[in-house]
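Q: Here's a sequence, model it:
(one chain, ligands or ions: 1)
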Amino acid sequence: MKFSYKEITKIYEEFNKDIDSISSDDLKKKYLSKKGNLKDLLKKIGEQEKEDRAKFGKEVNILKNFIEEKVEILSSSLKPKFSKEQIDVTAPFEKNTPEDKKPKLLNKLGSTHPLTQELEKILEIFQKMGFQIEESRQIDDDYNMFQSLNFPIGHPARDNWDTFWTEENLVLPAHTSTMQNRILRKYEIPIRVVIPGRCFRNEATDASHEHTFYQIEGVYVDENISMSHMFGTIKAYLEAFFETELDIKSQPSYFPFTEPDAEFVISCPFCKKEGCSICKYTGWIEIMGCGMIHPHVLTEGGIDPKKYSGFAWGFGLDRLVMIKNGIDDIRKLHSGELEFLDQF
Ligand code: DAH
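A: This is a model prediction of the structure:
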């Protein structure tokens, strides 16, 4: 018998027409039963010339698999489910979720995340104090993250910031100070800006460390600015945030971008220095790093340090929110756990 694709093609075309008009049972009968069309074709494999047999057999089998697969899909139990259960892809997620699969809290309206809630309050306080707001960025370069902040290449303090680097030598900012140079260049003196932003550190996580967290930087520059302005400003902000009067003190610290540098410490707003679990029974809480902006940093930002001075600070939003709300594990803030979030 002379080899030809014709018969194979004919059955393929016929099947494609039938598929829209015949039920899956009838398709099975017509194509796949003992007396079906395919059986005839299969028989014809043996009738081919020897050298064409394999090729013809292969083609017939491809068609057979194709028809079997289609009939299987049409008659399988999946089919009625797909066509009966209407899914409105534009509807909110919960509309398409069966009742028994809905998480318990999904029936309630959502709320803003505790970090967002506190961030909004903090920014409002600073706005009332005359600060402008500028958002930090989530990818930056060596110049802004280090060099402009008085960490020349090879400076040992670079290691304190556990930075993530990309293959292109960009950096995921490990602190919001990465924005200082831009702020100094962009704003007219007097400069009063707060800079909230996401930060990243390449370190192991535990109850008080996360690789991703938020900081709020502050930058203040004018004529005749001294450390007393810094202590007064930060104290006023923290008293507004904790809604109580605070005692303050400072401890020495070290940052390449400030001189002098300080750790800002407040009396525990909860126990009033009596000692409690939040202040670890010391009565005091170290709340942020701060200091007078280093003259090199001012110069690099285009500001004459002989004429102007200023202060800056940076604190962790997550930590502040934890202290204020008695949250014992920083990882909860980024977990997306509804049971946790529902408390706020
Ligand atoms: N960037 C510092 C940190 O992440 C905090 C800090 C300290 C920011 C002193 C400042 C500053 O602006 O002046 O630990």
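Q: residues from this protein in reach of the ligand?
A: If contact is defined as CB under 6 Å from any ligand atom, the residues of the chain in contact with the ligand are 175, 177, 217, 255, 257-258, 289-291, 312-314. In this view, the C-beta of every residue, glycine as well, is placed from N, C-alpha and C.
Q: Could you identify which of those has the most neighbours?
A: Of all the residues of the chain next to the ligand, residue 177 has the most neighbours under the rule other CB atoms under 10 Å, reaching 30 neighbours.
Q: for the residue of the stretch 51-200 of the chain at minimum distance from the ligand, phi and psi?
A: Distances from the stretch 51-200 of the chain to the ligand, computed as CB to the nearest ligand atom, single out residue 175 as the nearest residue at 3.3 Å. Residue 175 has phi and psi values of phi -160, psi 160 when expressed as degrees, to the nearest 10.
Q: Surely residue 115 is in contact with residue 327?
A: No - between residue 115 and residue 327 there is no contact under CB atoms under 8 Å: 10.5 Å.
Q: anything in contact with each of those two?
A: 321, 333 (CB atoms under 8 Å, 6 or more residues apart in numbering).
Q: Below-threshold pLDDT in the chain: ranges please.
A: Low-confidence segments of the chain, defined by pLDDT under 70: 1-3, 77-86, 102-108.
Q: Sketch out the strands for it, chain order is fine.
A: Using DSSP state E, the strands of the chain run over 132-133, 164-165, 171-172, 191-200, 212-222, 248-252, 258-267, 284-293, 309-316.
Q: Tell me who's in contact with the closest residue to residue 151 other than its chain neighbours.
A: Take residue 151 and drop its neighbours on the chain: the residue closest to it by CB to CB, 6 or more residues apart in numbering is residue 256, 5.0 Å away. Taking CB under 8 Å, 6+ apart as the contact definition, residue 256 lies against 149-151, 155, 157, 294.
Q: among the residues you listed, which are in helices?
A: Counting by DSSP state H, no part of the contacts of residue 256 is found in helices.
Q: Top of those by number of neighbours, please.
A: residue 149 (26 neighbours).
Q: Residue 260 and residue 251, how far apart?
A: Here residue 260 is placed at a distance of 12 Å from residue 251 (CB to CB, to the nearest Å).
Q: Also residue 63?
A: With CB to CB as the criterion, residue 63 and residue 251 are 82 Å apart.
Q: circling back to that earlier point, most tightly surrounded among the strands of the chain?
A: The densest packing among these, expressed as mean neighbour count by mean count of other CB atoms under 10 Å, is seen in strand 309-316 with a mean of 24.
Q: What strands line up against it, and which way round?
A: Sheet neighbours of strand 309-316, with direction, are listed as strand 212-222 (antiparallel), strand 284-293 (antiparallel) (DSSP bridges).
Q: Can you add distance to residue 109 and give these back as JSON lines?
A: What follows is the strands paired with strand 309-316, written out as JSON lines (distance: least, CB to CB, whole Å):
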{"stretch": "strand 212-222", "distance to residue 109": "24"}
{"stretch": "strand 284-293", "distance to residue 109": "34"}
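Q: Identify the single longest helix in the protein, thanks.
A: For the chain, the helix that runs over the most residues, judged by DSSP H, is helix 50-75.
Q: buried sites along it?
A: 56-57, 59-60, 63-64, 67, 70-71, 74 (16 or more other CB atoms under 10 Å).
Q: Kindly indicate which of these lies nearest residue 97.
A: Nearest to residue 97 among those, counting by CB to CB, is residue 74 at 27.9 Å.
Q: Which segments of the protein make up each domain?
A: Structural domains annotated on the chain: 6-78, 114-341, as defined by automatic domain parsing.
Q: Which one, of those, ends up nearest to residue 92?
A: Across these, residue 92 has its closest neighbour in domain 114-341 (15.6 Å, CB to CB).
Q: Can you give me the end-to-end span of the closest one?
A: Length of domain 114-341, first residue to last, CA to CA, to the nearest Å: 7 Å.
Q: do stretch 177-194 as well
A: Terminal residues of stretch 177-194 lie 11 Å apart, using CA to CA.
Q: Report the two of the buried residues of helix 50-75 separated the most.
A: Of all pairs drawn from the buried residues of helix 50-75, the one with the longest distance (CB to CB) is 56 and 74, at 27.3 Å.
Q: before we move on, back to that, thought residue 199 was touching the residue of the stretch 51-200 of the chain closest to the ligand, still the case?
A: Yes - in this structure residue 175 lies within contact range of residue 199 using CB under 8 Å: 5.6 Å.
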